[in-house]
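Q: Sequence plus predicted model, see below.
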Amino acid sequence: MSSQAAGGQPQGAGKGSVTFTRQAAQRIAKVVRTVEQGDRTQPGVTFDHPILGGKAVRVVTVTGQWATAATAVVTFYNVTSTPNTVSATNLYLPIDVDAGKTAECVIARGGTAWYLASVNFTKLKAFAAGEVQVFGHNTSGYAQWYSVTTCSTSTAA
């Protein structure tokens, strides 16, 4: 059987048609046969975006101290139905939130685990919006805001 139609055009070729070389068609056929023989219990092909469709990045709130390499139970932001908490690991920055306050953070899923990805720095210990401050860490290693006045009068070497 010829793969050419009258006029020298490949069969099926025309406006809006797709044509394949014989080698490409054989390669496609081989892949199709392999897939058809495979595990039918596996999920099908999807074109959903893994982050937008899978909720792999979430905003949460935290309270108290959260050291690096430590796990904390965090609460999903603006989610009131339960379960609305998850355990996440801080690999990023040791944080300390003033007593009675919460800080918004972003966590991201890595496989089946959640990890701290970002912090709202204005919610960390000693932040004062009306002052000029510097960002540093205290003697316990937790991130903290300091007044420039305190820094200029410090006697620490």
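A: In hand now; what should we look at?
Q: C-alpha from now on. contacts and neighbour counts both.
A: OK.
Q: Heading C-terminal from the helix-or-strand element of the chain with minimal mean pLDDT, find the next helix or strand.
A: Within the chain, judged by mean pLDDT, DSSP states H and E, the helix or strand with the poorest mean is helix 50-54; its value is a mean of 49. Note on helix 50-54: by DSSP states H and E, the next helix or strand toward the C-terminus is strand 57-62.
Q: what lines up beside that following strand in the sheet?
A: strand 70-76 (antiparallel), strand 103-110 (antiparallel) (DSSP bridges).
Q: next one: it to chain centre, how far?
A: Centroid separation for strand 57-62 versus its chain: 11 Å, with CA atoms, centre = their mean, to the nearest Å.
Q: Could you point out which of the strands paired with strand 57-62 sits nearest residue 140?
A: Residue 140 lies closest to strand 70-76 among the strands paired with strand 57-62, at 14.5 Å (CA to CA).
Q: Tell me how far that closest one lies from the chain's centre.
A: Its chain's average C-alpha position is 16 Å from that of strand 70-76, according to CA atoms, centre = their mean.
Q: Can you point out the buried residues in whatever helix or strand comes next after that strand?
A: Sequence-wise, the next helix or strand downstream of strand 70-76 (DSSP H and E) is strand 85-90. Neighbour counts over strand 85-90 (16 or more other CA atoms under 10 Å) mark 85, 88-90 as buried.
Q: Now residue 134: closest residue in space, sequence neighbours ignored.
A: Once flanking residues are discounted, residue 134 sits nearest to residue 146: 5.3 Å by CA to CA, 6 or more residues apart in numbering.
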